[in-house]
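Novice: A structural model of the following input is requested.
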Amino acid sequence: MRRLTRWFRQVYPPAWAVALFFVAYGVLYVVNLFQTPREMTPILVLGLGSAAYGVFRAVYFHPAQNSEYRAWLDTTPWNCRKPLPLGPVHLVWQDLVLLIALGMLAIHFWIEVFGDRTALLSRPLRLLRGGLVWHFPVYFVLLPFFAGYLIFLAMIMPAAGRTGFSAAILFGLAAAFRLITIPEAVVVSLLAAYVVAQVGVRRSLAEFPWSMTRPAEWVATLGESALRRRPRQAPVIGWPHAQLGPQRVGELYGSGRAAVSSLLAGTWSYAVMGHFGPILALEEVQPAVEKIWLAFTAFVWLAAAGRVLLYCASHWSPISLVGRIATGRFIIPGYDRVFVAPLCVLVVGHTLPLVMRMLEIPLQAAIPVSVAFVFWLVLSLGPSLENWHFTGSHRLMPW
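Specialist: Sure thing, here's the model as predicted:
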């Protein structure tokens, strides 16, 4: 018994968290038995628990997430051919045991709320093939678990120098979401994304230790407790001299990453809009179509405003608006060049949808193309952050 307990503890969350989840689910399930009609609250809690377990498996065991664990591991003779000391990042048999248990709870909930227990016992294979019995484990156990696990792996992997695998994982999740009405396709998409993730994890661990950039380190340490993080040492020379020192500010995105990120944004937009096809074909939902275009317009303005905020929050104009009017310098090329990209985003974001509507391109295709193009403009148009920081005509602010 002690050996079995030790075997489960290799990858499971703390015992109190597991106990709390099952107690909460049990209480909600019992309360739901006395309600008419039955509610979906217990199965939603089951899905949230599955997602939380997936996030735990990705975040807790990956060295890129824990700076202290990563620093200690760097001082040891560990290599990728040896198991990680805290536990494996990849899924193991213990995970399968827990997922089967959660899947059985999902099937039991379906039987109690929607199913016919007698028919299930007499014709189990027939119901499993043609019925909705096994849809519940797919949608409320497998999908939340793999979504949490893969999304956080995709967030962590750039810190280990595997950005391409992160994009591939997110493309696989987009395919699962687009085909969400077909449970078999969802399972295949999730498994394909998992295989890609494990290849990326293995290759990243083979290159350990990593030289982590500051943005990548920030993303990778999202799961760390604030109490465990060491505060960064303040620059000795202080502001503003520290900002003028030989530091590398970097770019918002390189051309390749900008293209991939834009394609990813367009793919997810297509995955979302694909589910509105039958509804948008009805004439009485035209007001809803206008609301979708209105939401896209708001997205365009937010994208342009975000670009301006990123570049100008700590880099102010050399003179105020009143100073420009008083001196007659209405345009300062060295500073105002930063507004060219946001203006292009606004112009393209408003004209491209109009052109597509004139060409009678379906909304399910027009929105993803427009989103991808706007993303590409925001991420790829110059100046780069480094060029802007060191050569722009601006005032540096201490934040």
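
Novice: Run through the residues that contact Glu39.
Specialist: If you count contacts by CB atoms under 8 Å, 6 or more residues apart in numbering, Glu39 has them with Asn32. C-beta: built from backbone N, CA, C; applies to glycine.

Novice: sec struct for it, please.
Specialist: coil (DSSP: H, G, I helix; E, B strand; the rest coil).

Novice: Spatially central residue for the chain, please.
Specialist: Ile151 (4.9 Å; CA atoms, centre = their mean).

Novice: Check it and give its pLDDT.
Specialist: Turning to Ile151, the model gives it a pLDDT of 93.

Novice: residues in contact with it?
Specialist: Ile151 sits in contact with Val55, Ile169, Leu170, Leu173, where contact means CB under 8 Å, 6+ apart.

Novice: Equivalent analysis for Leu346, please.
Specialist: Val300, Trp301, Ala304.

Novice: Tell me how many other residues crowd the second one.
Specialist: Residues contacting Trp301 under the criterion other CB atoms under 10 Å number 14.

Novice: So which elements touch the helix or strand hosting Ala305?
Specialist: Under the criterion of DSSP states H and E, Ala305 resides in helix 286-312. For helix 286-312, the packing partners by 3 or more CB pairs under 8 Å, 6 or more residues apart in numbering; DSSP states H and E come out as helix 277-280, helix 340-358, helix 363-380, helix 385-391.

Novice: can you put the ones you listed in CSV and add mean pLDDT and distance to Ala259?
Specialist: Below are the helices and strands packed on helix 286-312 laid out as CSV (pLDDT from 0 to 100; distance: least, CB to CB, whole Å):
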stretch, mean pLDDT, distance to Ala259
helix 277-280, 60, 27
helix 340-358, 90, 16
helix 363-380, 90, 7
helix 385-391, 85, 18
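
Novice: just these: most buried one?
Specialist: Stretch with highest mean neighbour count among the helices and strands packed on helix 286-312: helix 363-380 (a mean of 21; mean count of other CB atoms under 10 Å).

Novice: follow-up on the earlier one: just confirm the residue nearest to the centre of the chain is within a helix.
Specialist: Yes. Under three-state DSSP, Ile151 sits within a helix.

Novice: And the contacts of Ile151, which of them are buried?
Specialist: Val55, Ile169, Leu170, Leu173 (16 or more other CB atoms under 10 Å).

Novice: With secondary structure as added columns, please give those in TSV.
Specialist: Putting the buried ones among the contacts of Ile151 into TSV (three-state DSSP) gives the following:
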residue	secondary structure
Val55	helix
Ile169	helix
Leu170	helix
Leu173	helix
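
Novice: Most widely separated two among these?
Specialist: With distances taken as CB to CB, the most widely separated pair in the buried ones among the contacts of Ile151 is Val55 and Leu170, at 15.6 Å.

Novice: picking that back up, can I get the contacts of Ile151 in JSON lines with pLDDT?
Specialist: Formatted as JSON lines, these follow (pLDDT from 0 to 100):
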{"residue": "Val55", "pLDDT": "93"}
{"residue": "Ile169", "pLDDT": "94"}
{"residue": "Leu170", "pLDDT": "94"}
{"residue": "Leu173", "pLDDT": "94"}
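
Novice: ok, so of those, who is nearest Arg202?
Specialist: Nearest member of the contacts of Ile151 to Arg202, counting by CB to CB, is Ile169, at 14.0 Å.

Novice: List the contacts of the closest one.
Specialist: By CB under 8 Å, 6+ apart, the neighbours of Ile169 are Leu150, Ile151, Leu153, Ala154, Met157, Ala193, Val196, Ala197, Gly200.

Novice: Now with 10 Å, please.
Specialist: Contacts for Ile169 were tallied using CB atoms under 10 Å, 6 or more residues apart in numbering; they are 149-151, 153-155, 157, 162, 192-194, 196-197, 200.

Novice: By pLDDT, give me the weakest of the residues you listed.
Specialist: For those, the pLDDT minimum is Arg162, 78.

Novice: Now do the contacts for that one.
Specialist: Listed by CB under 10 Å, 6+ apart, the contact set of Arg162 reads 64, 153-154, 156, 168-169, 197, 199-205, 207, 210.

Novice: residues near the closest residue to Leu179 other than its chain neighbours, how many?
Specialist: Among residues not flanking Leu179 along the chain, Ala185 sits closest, at 3.8 Å (CB to CB, 6 or more residues apart in numbering). Using other CB under 10 Å, Ala185 has 14 neighbouring residues.
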